[in-house]
Each structure stands twice: as C-alpha cells, then as structure tokens.
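Enquirer: here are the coordinates; sequence isn't available:
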C-alpha cells in the first residue's frame, strides 16, 4: 500500500495551506492572482483531516479484522502511537504559554481551572467535547481515540470477522446514512467522524476482487475530476452559501429541510465521502496515474512523518510569521515577499517535523512496528496509523 503513504502526504499538505493562508495571506490580499489560489487552498485544506480519517478507518479496521486482536495490546499500541509525540509538542505549547501569556490559552483562568483545562487536553477531550484545544489541530486526536475505542468494541465485541462481508457492509452503511440524515437538522454534530466509516467501507470494498476489477483508467480519471469538483463545492459552500439555498432564510439546524448551509458539516461529509472513497480506491488498488503520483518518494516521506508534521507545523508557522511581521508588516501587496515566504515556511516546517519525527516519534512510537510478529504482515501502512 505504498500509495497510501503518499496520500498521507497530500492530507498534511492540505492542512499546511489552511494555516499558511491564515498567517501569510494578508501579504497578498490586494493581489487577486496570488491571494485567490492561496485562499482557496486555505479553505479546502480542511479536507486533509477528512482524508486522514478515511485512511485511519481503513488501516485500523483492517488490522482489527485481520488480526482478531487482544484488546489490551491494541489499546496500548494505540496510546503508544499517539502520546509520546503529542506530549512533547504539548509541553512546548505550555512553555510558550508561560513565556507569551498574552498569546496562549491559559490566561484568565484560576489555578484550579488551569489544571483542569490542561488535564482535559492531555486526555484528548477537545474535539468530541466542546473544549478549545491548546494545540489547535489536536481536536482531531479526540476523534481518533474515540474511533479506536468504537472500532475495537464493535469488531471484538460482535466478532465481526465471523460475519459475511456484505453483512458487515450493511452493518456500517445503515448507521452512516441515519446519522448523516439526522445531522442535517442539527446545528452542530460530530458528522465528520463518519469519514472513519468511509475508511471501513473502503477496506471491505478493496478486499473484494470483483470490486477491484471495476477500477479502470476511465474511472480513475473520473474519480480525480470528482475530487476536484468536491473541493470546488467545499469552497463555494464556504464563500457563497446563498448559491445552495432552497428558500431564502432557510438553514440547516433551524428547519427540518436543508437550506442555506449555515452548518456545512453534513454536506461536506457527504461530498467528500463519495469522492475520497473513489480517489483512495484507485490510488491504492489500481496501477495507474494516481498510484504513481502518490508513490513519489518525497510525498511518501512527508506522509510517513505526517503525524509529527501535523502536530508541529502550526507553531512553526506562527514563529515564522511572527519574525516576518516584525520585519515587514503585511501591506496586502507584497508579492515577492509572499512568494519567498511560501518555500521558506514549508522548508522550516519540514525541518522541525523531521527533527520531531527522528527524535521522538520514530524511537518511541514506531519501534514496536519493527517487531518480528509484524514484519511478516507488511507493517508499513500501519506504522503511521
């Protein structure tokens, strides 16, 4: 599954542009030729997290179904995978909150409130629960932890490996449709968690030889086009929600019928569920253009260290932006400075992520992936799961 490593690289690259646009977009706000594509990527880049959820659902569910694991060992492995790198970055954020209290999220709290808030973040509660995370991107780790627990309970508790594949597909598809439908009438929901289910269904599909034969060059092109259209839909949904209004003044969460997309979650989840399913299927199970692109070595390397990159790139970009704005405040028309900032910011985040990966993630989280029991299992896709 070499292309899946490259897909992780794409996912984290999309997330990079979300924060790059937020911090550096002001330098070219008056230059549409540069600002428009940057802002487009800044908005659609959130889809990188959804892609992470799809890949994680595929890998974790696939591992559970194939191995029929021991629950304690599975949970220990998951915690080992997440916590060492997270705690190091979390410690850096706490130190910066002390050094720069006006920019941190601890200010204005009582000592007891501060301790409780820190504990909530250590337990990875922000995300599933309405708590602002200290590390902005760490909200997704809450989804990851709860998805691990949910898949473990379902797979082991119901012994899903003994079920027929089509029964398992029906078992996951029905709740997916039900919750997505309900979320259309909610003001807020955890609808993005359904992307893990998309990963589960992708695993079941790719295990079916008949399905794999349906992957063709023509459909690969269509899947790529569909993904591009989905990104455009997500952008328009954010910038021009009025284009999707059924009736003036209607809004999801306020009326039983969907209307103006005040709450975008269900609509984006539906669109990305379809497009990412087919994009990932062709990239990973069809020897075509997508497979070659996502097997590109630099993209795979970025994907292999994507967890470290995901956690540390935000604070790195803030440091670069702080330095840059102290030297040259944004004026909205600094094209040369902006074009220089893009590679500089990306290279800086690459360096800090590589250092974190080499010093913490690889020795403390990935060493068990080299155990003899896993070597015969083609463990490469699981090393980043």
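Expert: That came through fine. If you're wondering where the values come from, they're calculated on a predicted model, not measured in any experiment.
Enquirer: quick check: residue 332 is in a strand.
Expert: No. Under DSSP: H, G, I helix; E, B strand; the rest coil, residue 332 sits outside any strand and is assigned coil.
Enquirer: which ones are touching it?
Expert: If a contact means Cβ atoms under 8 Å, 6 or more residues apart in numbering, then residue 332 has 26-31 as its contacts. Bear in mind the C-beta positions are built from the backbone N, C-alpha and C, glycine included.
Enquirer: what separation do you get for it and residue 338?
Expert: Using Cβ to Cβ, to the nearest Å, residue 332 is found at 10 Å from residue 338.
Enquirer: overlap in contacts of those two?
Expert: 27-28, 31.
Enquirer: where does residue 207 fall, phi/psi-wise?
Expert: When quoted as degrees, to the nearest 10, the phi and psi of residue 207 stand at phi -80, psi -10.
Enquirer: now it. Nearest residue, chain neighbours left out?
Expert: Leaving aside its sequence neighbours, residue 207 sits nearest to residue 165 (Cβ to Cβ, 6 or more residues apart in numbering; 6.7 Å).
Enquirer: show me the contacts for the one you found.
Expert: 204, 207-208.
Enquirer: mind doing that once more with 10 Å?
Expert: Taking Cβ atoms under 10 Å, 6 or more residues apart in numbering, we find residue 165 in contact with 65, 203-205, 207-208.
Enquirer: per-residue pLDDT, it?
Expert: What the model reports for residue 165 is a pLDDT of 96.
Enquirer: would you map the helices across the stretch 1-150 of the chain?
Expert: Remark: helices assigned in the stretch 1-150 of the chain by DSSP state H, counting those that start in this stretch are 2-24, 32-44, 47-67, 71-99, 111-122, 139-157.
Enquirer: how much does the first one deviate in direction from helix 47-67?
Expert: If I follow you right, that is helix 2-24. 150 degrees (axes from the mean of the first three to the mean of the last three Cα atoms, to 10 degrees).
Enquirer: helix 2-24 vs helix 139-157, what angle?
Expert: Going by the same axes, to 10 degrees, helix 2-24 makes 150 degrees with helix 139-157.
Enquirer: quick one: helix 2-24 to chain centroid distance?
Expert: Distance of helix 2-24 from its chain centroid, counting by Cα atoms, centre = their mean, to the nearest Å, is 9 Å.
Enquirer: so it versus helix 32-44, what angle?
Expert: 120 degrees.
Enquirer: so for helix 2-24, what's the average pLDDT?
Expert: On average, helix 2-24 scores 97.
Enquirer: ok, the shortest one next?
Expert: The average of the pLDDT scores along helix 111-122 is 96.
Enquirer: what lies in contact with that helix?
Expert: So helix 111-122 is contacted by 83, 86-87, 90, 93-94, 97, 105-110, 125-126, 129, 131-135, 138, 141-142 (Cβ under 10 Å, 6+ apart).
Enquirer: ok, of the residues you listed, which come out buried?
Expert: Buried residues within the contacts of helix 111-122, counting neighbours by 16 or more other Cβ atoms under 10 Å: 83, 86, 90, 93-94, 97, 105, 125-126, 133-135, 138, 141-142.
Enquirer: out of those, which one has the lowest pLDDT?
Expert: Lowest in pLDDT among those is residue 105, which has 88.
Enquirer: skipping its backbone neighbours, what lies nearest residue 300 in space?
Expert: Going by Cβ to Cβ, 6+ apart, residue 300 has residue 5 as its nearest residue, at 4.2 Å.
Enquirer: can you give me the neighbour number for the one you found?
Expert: 24 (other Cβ atoms under 10 Å).
Enquirer: these two touch, right, it and residue 291?
Expert: No. Look at residue 5 against residue 291 with Cβ atoms under 10 Å: they stay out of range, at 11.7 Å.
Enquirer: residue contacts, residue 51?
Expert: 7-8, 10-12, 14-15, 195, 198-199, 227, 272, 276, 279-280.
Enquirer: tell me how far it lies from residue 127.
Expert: 17 Å.
Enquirer: for the contacts of residue 51, which single residue is the most surrounded?
Expert: residue 8 (29 neighbours).
Enquirer: give the contact list for it.
Expert: Residue 8 touches 48, 51-52, 55-56, 294, 299-300, 302-307, 309-310, 381, 384-385, counting by Cβ under 10 Å, 6+ apart.
Enquirer: closest to the centroid, which residue in this structure?
Expert: Geometric centre of the chain, nearest residue: residue 49, 1.7 Å, by Cα atoms, centre = their mean.
Enquirer: per-residue pLDDT of that one, please?
Expert: So, for residue 49, pLDDT stands at 97.
Enquirer: again with residue 330
Expert: 92.
Enquirer: for residue 186, same thing?
Expert: 79.
Enquirer: what does the one 10 residues further on give?
Expert: Residue 196 is assigned a predicted lDDT (pLDDT) of 98.
Enquirer: show me what the helix or strand harbouring it is packed against.
Expert: Using DSSP states H and E, the element containing residue 196 is helix 194-206. When contacts are defined as 3 or more Cβ pairs under 10 Å, 6 or more residues apart in numbering; DSSP states H and E, helix 194-206 packs onto helix 47-67, helix 139-157, helix 165-183, helix 209-212, helix 265-285.
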